[in-house]
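Colleague: Just to be clear, the model below is a prediction. Sequence and coordinates:
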Protein chains: 2
Amino acid sequence: MIYPEAIRWSADGRSIDLIDQTLLPEVETRLQLRTSDEIAHAIRSMQVRGAPAIGIAAAMGVAIEMARHTALSASAFQEKLNDTLQQLAATRPTAVNLFWALERMRACAEQYRERTTGEIACKLYGQATAILEEDRAMCQAIGEHSLSLFPNPATILTHCNAGALATGGLGTALAGVYLAHERGRSVQVFSDETRPALQGSRLTAWELGRAGIDVTVIADNVAGSLMRTRRIDLVIVGADRIAANGDVANKIGTYALAVLAHHHGIPFYVAAPGSTVDLTTPSGDQIPIEERSAEEVRRGFGKQTAPADAKVFSPAFDVTPAELITAIVTERGVHHRPYHDSLRAALSPLEAIV
Amino acid sequence: MIYPEAIRWSADGRSIDLIDQTLLPEVETRLQLRTSDEIAHAIRSMQVRGAPAIGIAAAMGVAIEMARHTALSASAFQEKLNDTLQQLAATRPTAVNLFWALERMRACAEQYRERTTGEIACKLYGQATAILEEDRAMCQAIGEHSLSLFPNPATILTHCNAGALATGGLGTALAGVYLAHERGRSVQVFSDETRPALQGSRLTAWELGRAGIDVTVIADNVAGSLMRTRRIDLVIVGADRIAANGDVANKIGTYALAVLAHHHGIPFYVAAPGSTVDLTTPSGDQIPIEERSAEEVRRGFGKQTAPADAKVFSPAFDVTPAELITAIVTERGVHHRPYHDSLRAALSPLEAIV
């Protein structure tokens, strides 16, 4: 596989096999997890991270746990299922993909409620696998659509990690990069290190480097100067939430990159699953921005780098207004302004009714 | 003293008293240095840093060393002087202020060559003190001129450390902040942490916090979002070199801040000594940009934060074109575009002849 598989079934199908992301970039270790306790710990401790990957992990956690309890009575099995769903839902209280995946697992069990416990367990296993495979297909489709926007050769700037490590497949922002490389096109990536949590240097540089893709880490401070002094063909980033008007909430620093790209006439693309589009949020102004821990800035990686009592302002995300975004790429295609119309068309008929 | 004195004579005048900046922000320790060996070590190891402070330290180092050798013969004294000048010149090979200060010390000794060794040593002590006092006066004047640009209350964004720790006095970019606070005006500062070397979080946050000034550290990624979502009245930064046309070389990230300020209609000021203006450099295109160590990015916080073999691009400085700079403040006043004329007027008649 050209990309690192953040999460998959083990070869014998009896455990969940995932990369322990807390040890990156120093060590690549795969964990084999066999219970929902182990999966809950993996999500809480960020051994697995990235919204799509978390949802997949939770679904697989339900499946693997329930496969151990087929000897229970029907009612005890249902009780155990409810406990497992609750346990996993409590791991990351704000993760939308997590709840969505668990709801699919619950609905699946509900649908087959009258079957034997063995049959229900089997359906749950199939449902978790479907969630994983759908995510892989989504990444692949985003990659194909993104690739249509890349020149050859392409020099690309990205921010944070919207790569394979965050999903079940090729990633979102990085999916086109993997496909370009796989098809022998010339592609070079600059990755912002992405303070405060350094996902760019820790994760993006690791996964692209591992795939043999030319990647260079820059301090976030370098991006503007890089656009002025070298040829950057495009910027591509992921998204945490896309409002109905095309405003994008994403990792802090995305907005500044969009302004810099605009100033230099460089295309600025956002690549994300259609599920990231939230038509119930009219614009970015309605997206709440949580703050991260001040300790990440004062003592980010073991060493004190600011006075112990320094005031810190550390928003986790920022909002990039639609007018600074050249196009939004989803698994359904490349969407242009006005986003209110084009994004609606990108969603399934059911979702678009909202 | 409202600001921390980075470097001064000790109370008995027999040693050089400086803050060990390698221990900041965790511990404030003052060193008492009595020989040029000790001063050379302090400069090389960055216990003292910032172009003006390095020049002052070197001049004081010459003075304190030569005061120990007045029993030598005239020729042995001259030989010792030459050795000391060479030793100190070799500490930071690219520091212009260092060479300028040492040249003043050499010229002073030359002027009094026929006097006794005791008299020459005394003149050298006086010359070093003059360099220190001139720097203090320069900072004070920059502060007064900067203050004329600040509203009251003022919310100010700065980058890196162009503060008291970098000079013999109030600093350059931060001089106006100290004066505003001292005079009871309301001033709030946001300080970029300034990767890769984190001078903003380690030094600027420390020195302003110590003075009781309201300072908040932000990851460099936050600056753009901050300008969009809160009221920032102005950005003020220092300069490493100012070309004849007003282009400014300063710490990496300055250029991006200038673009962001421009996009948001926020004034962008540069505050620096007139000695930073280099009329022999027509524009920023002629300023060479050195690269910093990749290890600062790969292992900057004590822990590995990028793959050990990751490619890194880490320019130390960037160039901000004159058209993005609202005004340049020197000790001689506030200079506006076209800078080629206004900066020439800012220099002494002798310098301006170039």
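Modeller: Good, I have the coordinates.
Colleague: Backbone dihedrals for the nearest residue to A:A141 once chain neighbours are set aside, please?
Modeller: With sequence-adjacent residues excluded and distances taken as C-beta to C-beta, 6 or more residues apart in numbering or on different chains, A:A141 is closest to A:E331, at 3.8 Å. Yep, even glycine has a C-beta here, placed from its N, CA and C like the rest. Here is the backbone geometry of A:E331 (degrees, to the nearest 10): phi -70, psi -10.
Colleague: What's the local residue count around A:E331?
Modeller: For A:E331, the number of neighbouring residues by other C-beta atoms under 10 Å in any protein chain shown comes to 23.
Colleague: And the one 4 residues further on, by the same measure?
Modeller: Around A:H335 there are 24 other residues, counting by other C-beta under 10 Å.
Colleague: Residue numbers of the stretch 51-200 of chain A in contact with chain B?
Modeller: Taking C-beta under 8 Å from any C-beta of the partner chain as the criterion, the stretch 51-200 of chain A approaches chain B at residues A:F190, A:D192, A:E193, A:T194, A:R195, A:P196, A:L198.
Colleague: Give me the pLDDT value at the third one.
Modeller: Note on A:E193: pLDDT of 97.
Colleague: Just the buried residues of the one helix or strand A:H262 maps to, please?
Modeller: Remark: A:H262 resides in helix A:254-264, with elements defined by DSSP states H and E. Within helix A:254-264, the residues that count as buried by 16 or more other C-beta atoms under 10 Å in any protein chain shown are A:T254, A:Y255, A:A256, A:L257, A:A258, A:V259, A:L260, A:A261, A:H262, A:H263.
Colleague: again with stretch A:125-141
Modeller: Here stretch A:125-141 shows A:125, A:127-129, A:131-132, A:134-136, A:138-141 as buried, counting by 16+ other C-beta under 10 Å.
Colleague: these two touch, right, the residue nearest to A:A141 and A:R136?
Modeller: No. Contact between A:E331 and A:R136 fails when scored by C-beta atoms under 8 Å: they sit 10.9 Å apart.
Colleague: related to what we said a few turns ago, for the helix holding A:H262, name the packing helices and strands.
Modeller: Using 3 or more C-beta pairs under 8 Å, 6 or more residues apart in numbering or on different chains; DSSP states H and E, the elements in contact with helix A:254-264 are helix A:223-229, strand A:234-237, strand A:268-271, strand A:317-320, helix B:223-229, helix B:254-263.
Colleague: how about the ones you listed, which one is nearest A:A121?
Modeller: strand A:268-271 (35.7 Å; C-beta to C-beta).
Colleague: now for that closest one, which elements pack on it?
Modeller: Looks like strand A:268-271 contacts helix A:117-147, strand A:234-237, helix A:254-264, strand A:327-330 (3+ C-beta pairs under 8 Å, 6+ apart).
Colleague: want to try CSV for those, with distance to A:L208 as columns?
Modeller: Formatted as CSV, those follow (distance: least, C-beta to C-beta, whole Å):
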stretch, distance to A:L208
helix A:117-147, 14
strand A:234-237, 13
helix A:254-264, 18
strand A:327-330, 18
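Colleague: Compile those into a markdown table and extend it with columns for mean pLDDT.
Modeller: Shown next, in a markdown table, are the helices and strands packed on strand A:268-271 (pLDDT from 0 to 100):
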| stretch | mean pLDDT |
| --- | --- |
| helix A:117-147 | 97 |
| strand A:234-237 | 98 |
| helix A:254-264 | 98 |
| strand A:327-330 | 97 |
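Colleague: tell me the contacts of A:A256?
Modeller: A:A223, A:D318, B:N221, B:A223, B:G224, B:S225, B:A256, B:L260 (C-beta atoms under 8 Å, 6 or more residues apart in numbering or on different chains).
Colleague: hmm, 7 Å instead?
Modeller: Residues near A:A256 by C-beta atoms under 7 Å, 6 or more residues apart in numbering or on different chains: B:N221, B:A223, B:G224, B:S225, B:A256, B:L260.
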